[in-house]
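J.: Need a 3D model of the sequence below.
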Amino acid sequence: MKSLYTLLFMSFVLGVSAQVEGTWRLAQIPGALAVGPTQTDYSWWSSSATDINSRACLFDDSVTFDANGNFTHYMDGNTWLEPFQGVTSEQCGSPVAPHDGNGPYTYVYTNNQLTVNGSGAHIGLAKVVNLGEISTGSPVPSSITYEITMSSDGDTMTVEIDYATGWWKFVYQKTSLSIGAPPSNYDVSFNVSTDLITGNVSSDGIYIGGGFVGGHDALALDDSDGDGIWTGTATLPESGGHFTILNGNCSDWSCKEDISGQPCADAGNYNDRNHLVGGFSQDTTLNLQFGSCTTPTGLNTIENKYSIYPNPTNGIITIRAGNEINTVNIYNMIGNLVMVKNIASNQSTLNIENLTNGIFLMEMNLSDGTTINSKIIKK
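T.: Residues are numbered from 1 along each chain as shown. Alright, predicted model coming up:
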């Protein structure tokens, strides 16, 4: 009878361990890494779609759990490094011991908890441990325990860890799953009017962040001309997503605009803006009012900076600028000048029907000495 119980117990343990057996990598999706105050609130920061490329050295790492309780971590000679590993800032680089995957490592998986054993053994980010985040000179634990949630099909594994200050989450998927083609990227220009801000704009300035754009300081906007309209451009994936505007550089999101209850706010996503949810298929300009979903009171000023439409185009483009446009030069992608037009007006129409289909660089030279560069697409 004892042998039977032992056999049943071993069968149960092996069956449970089989859930994590195999090779996994970080899911190629926004939010594959996230951190927040609780296990149900990961609002402090989450990885964006652009991080899949900018942190490719991390997203292509893999972890393997075999049937014998061995854990391996494959980094292919390049992974994500943190300052505690001797670099000046977060960046890709050669793995630093003991977080270099050289092991040997083992693992135990039971009761939805996964423990990896061995100095340097980890899942997700090397710095995250049960008692906090590793800093320069602090000890490296001999084991780390994570909370595990499996998808119903067994192909996605959500890994969570309480690091004392809050919770980190890492979403992994089986490497056997196919990865679709990465989304195309387009330039998104943000023009933010600050007319409705009570008091002063923060000395740190205005930022676009959150959602698929990135952290709280993902895109710093500029108001060098002092007109109260802060501008900036980010290259973002066409798949789109949420974002927010922040008055200052606040890692706790306390300076984020409050647009709760307004039509552009998504109550299910921390009241972030939904302007880009659903994706976009070309370079895009957003004219926004901090703290409001209504049309900015400084819209005319914003629009007078410059506009090019339609883009992409079949051949006819209208251009407009706040100052008189002297000349327009159009270059192909290898730098050859393919068109020149003298304008001497704030607005003009260009006919590029004779150009081949593709991407071109438009250079607008204004009467005030300003040069505006923008991509145009002929289709």
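
J.: Show the residue spans covered by the strands in the stretch 1-150 of the chain.
T.: 22-26, 33-36, 45-46, 62-65, 70-74, 79-81, 91-93, 105-110, 113-117, 128-129, 132-133, 143-150 (DSSP state E, counting those that start in this stretch).

J.: which one of those strands lies closest to residue 330?
T.: strand 91-93 (36.3 Å; Cβ to Cβ). Any C-beta I mention is one placed from the backbone N, CA and C, and that applies to glycine too.

J.: tell me the average confidence for the closest one?
T.: Taken as a whole, strand 91-93 has a mean pLDDT of 93.

J.: Mind giving me the packing neighbours of that strand?
T.: Other helices and strands packing on strand 91-93, by 3 or more Cβ pairs under 8 Å, 6 or more residues apart in numbering; DSSP states H and E, are helix 56-59, strand 79-81.

J.: Go through these and pick out the most buried.
T.: strand 79-81 (a mean of 23; mean count of other Cβ atoms under 10 Å).

J.: Show me the contact partners of it.
T.: 55, 57-58, 61, 87, 90-96, 99, 125-126 (Cβ atoms under 8 Å, 6 or more residues apart in numbering).

J.: if we go to 6 Å?
T.: By Cβ atoms under 6 Å, 6 or more residues apart in numbering, the residues outside strand 79-81 that reach it are 55, 57, 58, 61, 87, 91, 93, 95.

J.: Can you say which of those residues are buried?
T.: By neighbour count, with 16 or more other Cβ atoms under 10 Å, the contacts of strand 79-81 hold 55, 57, 58, 61, 95 as buried.

J.: wait, isn't the second one in contact with residue 75?
T.: Right, residue 57. No: using Cβ atoms under 6 Å, residue 57 is not in contact with residue 75; the gap is 8.0 Å.

J.: Excluding chain neighbours, what is closest to residue 138?
T.: Spatial nearest neighbour of residue 138, excluding adjacent residues (Cβ to Cβ, 6 or more residues apart in numbering): residue 84 at 7.4 Å.

J.: tell me the contacts of that neighbour?
T.: Shown in contact with residue 84 (Cβ under 6 Å, 6+ apart): 134, 135, 136.

J.: okay, the residues you listed in TSV with distance to residue 35 and neighbour count next?
T.: Putting the contacts of residue 84 into TSV (distance: Cβ to Cβ, whole Å; neighbours: other Cβ atoms under 10 Å) gives the following:
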residue	distance to residue 35	neighbour count
134	15	21
135	16	10
136	20	9
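
J.: and which of those is nearest residue 28?
T.: Using Cβ to Cβ, residue 134 comes nearest to residue 28 of those, at 26.3 Å.

J.: For the residue lying closest to that closest one once chain neighbours are set aside, grab the count of nearby residues.
T.: Using Cβ to Cβ, 6+ apart and skipping residues adjacent in sequence, the residue nearest residue 134 is residue 127, 4.7 Å away. Counted with other Cβ atoms under 10 Å, the neighbours of residue 127 add up to 21.
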